[in-house]
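> Below are the sequence and a predicted model for it; my questions follow.
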Amino acid sequence: MLLLGADEAGKGPVVGSMFVAGLVIEEDRLFDLAGFGVRDSKLLAPAKREMLAKKITRIATDQYILEVKAHVIDELRGVMTMNEIMVKSFSSVVARLHADRAVLDAADVNAERFAQRVKAASKTTMDLTAEHKADQRHQVVSAASILAKVQRDASMRELEEAMNCKIGSGYPHDRDTIAFLERWVKENRDLPPCARHSWATAKRIKASFI
């Protein structure tokens, strides 16, 4: 039996892209994931995640990682809710992959509703379920969370190199991220293109300097 797991990384940051990863493996490969030490990406050090991502990719039957850039999130938020963006993003990943059963990390307070909306939007015939904390309960979802997080971290490092400055994690609670945004707005009189302009944190910082 083929299993599909899907999870996101970067839903909440004020800077940078969001990534949704989908991973397909043979059911027997769950033993390999367990042997590798795969678990929720948030519980793993960055170096461990990168090492595991390589191992996961080698045993995967298929995988797909969707990047949703900051400006795209801003544009979509003008016409839909964040919950609808999550449905659209997860359904895009699910539609690209084939398996007998899919488990998603629910990106809605109502997990069953999220599963129904993704199934309808993706037009998949797979047996599809969504659960809160699925990345802690299902190894295939844990593996997908690792792929998404590694891609998100790599994108932030690339962004720092391209802009030649320290940005941090991109989350509102990160002092480096806030310092970066404040410095940029102060010098440029606007938010950087890598920021999510529709986020309350970004609006507050922009208003304080303009």
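That came through, no problem.
> and the longest helix that the chain contains, what does it pack onto?
With DSSP state H applied, the helix covering the greatest number of residues in the chain is identified as helix 139-163. Where contact means 3 or more C-beta pairs under 8 Å, 6 or more residues apart in numbering; DSSP states H and E, helix 139-163 is packed against strand 2-9, strand 18-26, helix 30-36, helix 46-59, strand 62-68, strand 101-105, helix 134-137. Yep, even glycine has a C-beta here, placed from its N, CA and C like the rest.
> Now do the last one, average pLDDT.
What it means is helix 134-137. Rounded to a whole number, the mean pLDDT of helix 134-137 is 94.
> domain parsing for the chain?
Domains of the chain are assigned by automatic domain parsing as 2-154, 161-205.
> pLDDT wise, what is the residue lying closest to D153 once chain neighbours are set aside at?
Closest residue in space to D153, ignoring its immediate chain neighbours: P46 at 6.1 Å, by C-beta to C-beta, 6 or more residues apart in numbering. Predicted confidence (pLDDT) for P46: 91.
> which regions of this protein sit below the pLDDT cut-off?
When the per-residue scores of the chain are filtered using pLDDT under 70, no range remains.
> coming back round to it: check which residues of the longest helix of the chain are buried.
By neighbour count, with 16 or more other C-beta atoms under 10 Å as the criterion, the buried positions of helix 139-163 are 139-153, 155-156, 159.
> How about stretch 18-26?
Counting neighbours by 16+ other C-beta under 10 Å, one finds that the buried residues in stretch 18-26 are M18, F19, V20, A21, G22, L23, V24, I25.
> Please apply the same query to stretch 28-42.
Counting neighbours by 16+ other C-beta under 10 Å, the buried set in stretch 28-42 is R29, L30, D32, L33, F36, V38, R39, D40, S41.
> Please give me every residue in contact with the last one.
It refers to S41. Applying C-beta atoms under 8 Å, 6 or more residues apart in numbering, we find S41 in contact with D7, A9, R49, D135, S142, S145, I146, A148, K149, V150.
> again with the first one
With contact set as C-beta under 8 Å, 6+ apart, R29 has these partners: I59.
> Please tabulate the contacts of S41 in JSON lines, including the columns distance to K166.
Shown next, in JSON lines, are the contacts of S41 (distance: C-beta to C-beta, whole Å):
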{"residue": "D7", "distance to K166": "27"}
{"residue": "A9", "distance to K166": "20"}
{"residue": "R49", "distance to K166": "21"}
{"residue": "D135", "distance to K166": "28"}
{"residue": "S142", "distance to K166": "30"}
{"residue": "S145", "distance to K166": "26"}
{"residue": "I146", "distance to K166": "25"}
{"residue": "A148", "distance to K166": "23"}
{"residue": "K149", "distance to K166": "20"}
{"residue": "V150", "distance to K166": "20"}
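> Going by distance to I178, which of these wins?
Of all the contacts of S41, I178 sits closest to A9, with 20.2 Å by C-beta to C-beta.
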